[in-house]
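Asker: Let's see this in three dimensions:
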Amino acid sequence: MKNTAEALRTTIRRRLRRERILLAVMFAAWASLVALITTDALPALHGDARVSGFLSGFMMGMFTVAAGITARQVLSLSRALRDEAELRRFLARENDELQAHLEREVARAYVQLLPALAVVAVLVGALVSFESMVSVAATLVFLALVLLAVKIYYKRALATPEAE
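Answerer: Numbers count the residues shown, from 1 in each chain. You can find the predicted model right below:
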């Protein structure tokens, strides 16, 4: 796809739609977590009051930060669609070769390190308890499946004639 202003607007609209859906899902998960915490219905929070308080605060904080970052991205994309100067800045960021190279290298290193880190995480989980080990292993399987799904999606998306 060419880097014209109209092609960039189309790309921004597509990304904005994805980010809005992600933000809605995060908000629903955040609201569900608040409901589970306030009604004391989350099984992981039963036990020591200090640990439960820390765990609930940590989870709420993580959800809030993730939603804040996503909301910031939504605002940035919306601003780029409304303002021509902001669109030009966005175009410059999107075509920055150094940034693109850095992102590719970080992604490559992450994918190469993931198996070794997974083994260490499962081992550390096994030192804590069987349930912890199984939780870590299940999370790693989930993340590996998500990574595979994303890879398949982009392989198919980039193989279509529209991508040229």
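Asker: Quickly note the distance from the residue most central in space within the chain to Ala49.
Answerer: Closest residue to the average C-alpha location of the chain: Ala66 at 8.0 Å, with CA atoms, centre = their mean. With distances taken as CB to CB, to the nearest Å, Ala66 is found 26 Å from Ala49. Glycine gets a C-beta too; all of them are placed from N, C-alpha and C.
Asker: which residues does the residue nearest to the centre of the chain contact?
Answerer: Met26 (CB atoms under 8 Å, 6 or more residues apart in numbering).
Asker: Return the distance of the helix or strand in which it is found from the chain's centre.
Answerer: Counting by DSSP states H and E, the element that carries Ala66 is helix 49-82. Distance of helix 49-82 from the chain centroid (CA atoms, centre = their mean, to the nearest Å) equals 11 Å.
Asker: Quick check: buried residues in that helix?
Answerer: 52, 55-56, 59, 63, 67, 70, 73-74, 76-77, 80 (16 or more other CB atoms under 10 Å).
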